[in-house]
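Engineer: The following comprises the amino acid sequence and a computationally predicted model.
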Amino acid sequence: MNTPLFSATNLKKNFGGIAAVDDVSLSIQTGQVIGLIGPNGAGKTTCFNLITGLYTPDVGLFAFKGKTYNPASPHHVAQMGLARTFQNIRLFKSMTALENVAVGMHSKTSQGVFGAVLRTPAQRREEEQVRQRALHWLHYVGIGAYSNHLAGQLSYGDQRRLEIARALASEPALLALDEPAAGMNATEKLKLRELLLQIRQDGKSILLIEHDVKLVMGICDEVTVLDYGKIIAQGTPAQVQQSPAVIEAYLGGLHHA
């Protein structure tokens, strides 16, 4: 098998003596969509935060593009090529959609997002390039018509798509999405599914935390299921859905909710 784009091995994280993540390992190949699911309190968000540099693991090894790395901070992880979104939308509500995406490109520019007050010709050219790339990503996620709208005035579903556009603007190899379908209606979820499939088709990998089991099982190549910080199942969607442990701990609970 090819070297994974990303791997996490034997991750452990305790809070106050309680194991939030206990010996979790997973890997992602280029172009794969990997799901991470589990009931509330299962440890998936903690695992996600370990991978993206918000938390430091007590134990565990990480590798990205064949090289080991220490997720010292979200900024460090982003510079390597791993971008994330958050469960709670974190946009600059008083900035336009285009400006929000431009912020996501700061690590790729030499002069910052929009340069200084007195800009050189080179800075102005770079600023225009940033604007054009930001507009490209807005069109990519389907909200190009709203480029000059304030982020806070967009619908909830469009704000979610804007977050994804901002993450994509950093040109990551791996996109980590924290419950992107949360709060979406059925139509918005269908559009999200189409977008995620397009992202995969364009060669990017996705790590997906999501409560919508139907969405996860419909687009993921493999799924890891956590319960009480431990992996209880790992495999294809079909394999995971047939696991008695998953049915009891998670899927079965949803069916009887």
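Structural biologist: Received it, and whenever you're ready, just let me know what you need.
Engineer: The nearest residue to residue 7 once chain neighbours are set aside: how many residues sit nearby?
Structural biologist: Using CB to CB, 6 or more residues apart in numbering and skipping the chain neighbours, the partner closest in space to residue 7 is residue 27 (4.1 Å). All C-beta atoms are positioned from the backbone trio N, CA, C, and that covers glycine. Neighbours of residue 27 under the rule other CB atoms under 10 Å: 17.
Engineer: Then residue 27 would be within a strand, right?
Structural biologist: Yes. Membership of residue 27 in a strand is supported by DSSP: H, G, I helix; E, B strand; the rest coil.
Engineer: Could you pull out the buried residues of the longest helix seen in the chain?
Structural biologist: Determined from DSSP state H, the single longest helix within the chain is helix 121-140. For helix 121-140, burial by neighbour count (16 or more other CB atoms under 10 Å) applies to 123, 126-127, 130-131, 133-135, 137-138, 140.
Engineer: just these now: which is nearest residue 167?
Structural biologist: Nearest to residue 167 among the buried residues of helix 121-140: residue 137, at 9.1 Å, using CB to CB.
Engineer: For that closest one, give me its contacts.
Structural biologist: Each residue near residue 137 by CB atoms under 8 Å, 6 or more residues apart in numbering is listed here: 101, 165-166, 168-169.
Engineer: how far away is it from residue 79?
Structural biologist: 18 Å (CB to CB, to the nearest Å).
Engineer: can you count the residues close to residue 187?
Structural biologist: 9.
Engineer: got it, and residue 248?
Structural biologist: Residue 248: 12 surrounding residues under other CB under 10 Å.
Engineer: Tell me the secondary structure at it.
Structural biologist: helix.
Engineer: now residue 10
Structural biologist: Strictly by three-state DSSP, residue 10 counts as strand.
Engineer: Return the distance of it relative to residue 57.
Structural biologist: For residue 10 relative to residue 57 (CB to CB), the value is 9 Å.
Engineer: who has more neighbours, these two?
Structural biologist: Neighbour comparison, residue 10 and residue 57: the larger count goes to residue 57, with 22 against 12 (by other CB under 10 Å).
Engineer: Now do the strands in the chain.
Structural biologist: Using DSSP state E, the strands found in the chain span residues 6-15, 18-28, 33-37, 59-64, 67-69, 82-84, 174-178, 205-209, 222-227, 230-235.
Engineer: Tell me which of these is the most buried.
Structural biologist: Among those, strand 82-84 has the highest mean neighbour count (mean count of other CB atoms under 10 Å), at a mean of 25.
Engineer: So which elements touch that one?
Structural biologist: Based on contacts counted as 3 or more CB pairs under 8 Å, 6 or more residues apart in numbering; DSSP states H and E, the elements that strand 82-84 packs against are helix 156-169, strand 174-178.
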